[in-house]
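K.L.:
predicted model and sequence below, questions to follow.
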Amino acid sequence: MSTILIIDDHEVVAESLAYLLNGEGFDTLVTRSGREGLEAIENHQPDLVICDYAMPGMTGLDVLKVLREHPRLSKTPFIMLTMFRDLDESAKKAGADAFLSKTNGLDSLLTTVYDLVNKKKDNGATA
């Protein structure tokens, strides 16, 4: 079973994503800040990270940059979520595997989650 870490400072969004993903058979971890998220990545080595872009203190882009510089965890699949559509290039340049607007819908998110988790399994990658 794959573990997905959700990093989002909005409790309703984070818990809704966890509920959705648990219903699809994934294990989920939820953190409310970038710093907590990085600790969880280090301690639990999830199979996928879903991270909000706009968070106080440490943005999702900051989390992604730190993760991509970590030798052991740099290949962890990462989905950046945001309400801002114009940040796509920034997320891609920083190494996000996917960039989704929160308005894209749940089907789009689930398709992306399955694609990245399956890709990781097919490549034999380890977080």
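P.N.:
Cool, got the structure.
K.L.:
ok, now which ones touch L100?
P.N.:
I79, M80, L81, T82, S108, L109, T112 (CB atoms under 8 Å, 6 or more residues apart in numbering). Bear in mind the C-beta positions are built from the backbone N, C-alpha and C, glycine included.
K.L.:
partner residues bridging the second one?
P.N.:
Under DSSP bridges, the beta-bridge partners of M80 are C51, F99.
K.L.:
show me what the worst-scoring helix or strand of the chain on mean pLDDT is packed up against.
P.N.:
Every helix and strand in the chain was compared by mean pLDDT, DSSP states H and E; the lowest is helix 88-94, with a mean of 71. If you count contacts as 3 or more CB pairs under 8 Å, 6 or more residues apart in numbering; DSSP states H and E, helix 88-94 packs onto helix 60-69, strand 98-101.
K.L.:
adding distance to T31 and mean pLDDT, write these out as CSV.
P.N.:
What follows is the helices and strands packed on helix 88-94, written out as CSV (distance: least, CB to CB, whole Å; pLDDT from 0 to 100):
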stretch, distance to T31, mean pLDDT
helix 60-69, 10, 94
strand 98-101, 19, 86
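K.L.:
which parts of the protein are helices?
P.N.:
Counting by DSSP state H, one finds helices in the chain at the ranges 11-23, 34-44, 60-69, 88-94, 106-123.
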